[in-house]
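>>> Would you be able to build a 3D model of this:
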Amino acid sequence: MREKYADIQQSSLDFLRDLLDLARDTVAAEKAENEIPREEKGKAALTELFEALKGEETPIIVSNVVDRVDEVVRAVRFDGWQSTLEGDREVRKALRQTLYVQFKIRDNDVFEKALGYVQEYY
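Got it, this is the predicted structure:
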């Protein structure tokens, strides 16, 4: 009986060790996913937006647009910019200049979507 009880206890301990290993692996995987910088997620979202807009007659190179938007936003934004009038104005101005003037993308809906992604991820 003692041996049988000891075997059951050992099985329970082995099960708990396996369960803890699984939990540790799950936490590590979630942490690795969360380590992707928000800006990189923003670039991915902007890429999706501009890829969806690109058509046969649209001569934009999506990576150029996304890289330029990322570059100008990083240059003008600062921590907490979304909650200040000056920060919001500067980012809007830089984004509008990039889209409207440099790349000739004058669709206000595109601007608003791009601004939304920038506000969320930068």
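>>> use CA for all of it now, contacts and neighbours both
Fine.
>>> average pLDDT for the longest helix anywhere in the chain?
What stands out as the longest helix in the chain, according to DSSP state H, is helix 2-34. In this model, helix 2-34 has a mean pLDDT of 82.
>>> Send me stretch 77-91 as PDB with only the CA atoms.
In PDB, the C-alpha atoms belonging to stretch 77-91 read as follows (Å, rounded to 0.1, in the frame of the first residue of the first chain):
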ATOM      1  CA  ARG A  77       6.400  63.000 -31.500                       C
ATOM      2  CA  PHE A  78       7.300  62.900 -27.900                       C
ATOM      3  CA  ASP A  79       6.100  61.000 -24.800                       C
ATOM      4  CA  GLY A  80       2.500  61.900 -24.200                       C
ATOM      5  CA  TRP A  81       2.100  63.900 -27.500                       C
ATOM      6  CA  GLN A  82      -1.400  62.400 -28.000                       C
ATOM      7  CA  SER A  83      -2.700  64.300 -24.900                       C
ATOM      8  CA  THR A  84      -1.400  67.800 -25.900                       C
ATOM      9  CA  LEU A  85      -2.600  70.200 -28.500                       C
ATOM     10  CA  GLU A  86       0.900  71.100 -29.600                       C
ATOM     11  CA  GLY A  87       1.900  67.400 -30.000                       C
ATOM     12  CA  ASP A  88      -1.300  66.500 -31.900                       C
ATOM     13  CA  ARG A  89      -0.900  69.600 -34.200                       C
ATOM     14  CA  GLU A  90       2.800  68.800 -35.000                       C
ATOM     15  CA  VAL A  91       2.100  65.100 -35.800                       C
END
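>>> For stretch 32-52, which residues meet the burial criterion?
By neighbour count on 16 or more other Cα atoms under 10 Å, the buried set for stretch 32-52 is Glu39, Gly42, Lys43, Ala45, Leu46, Thr47, Leu49, Phe50.
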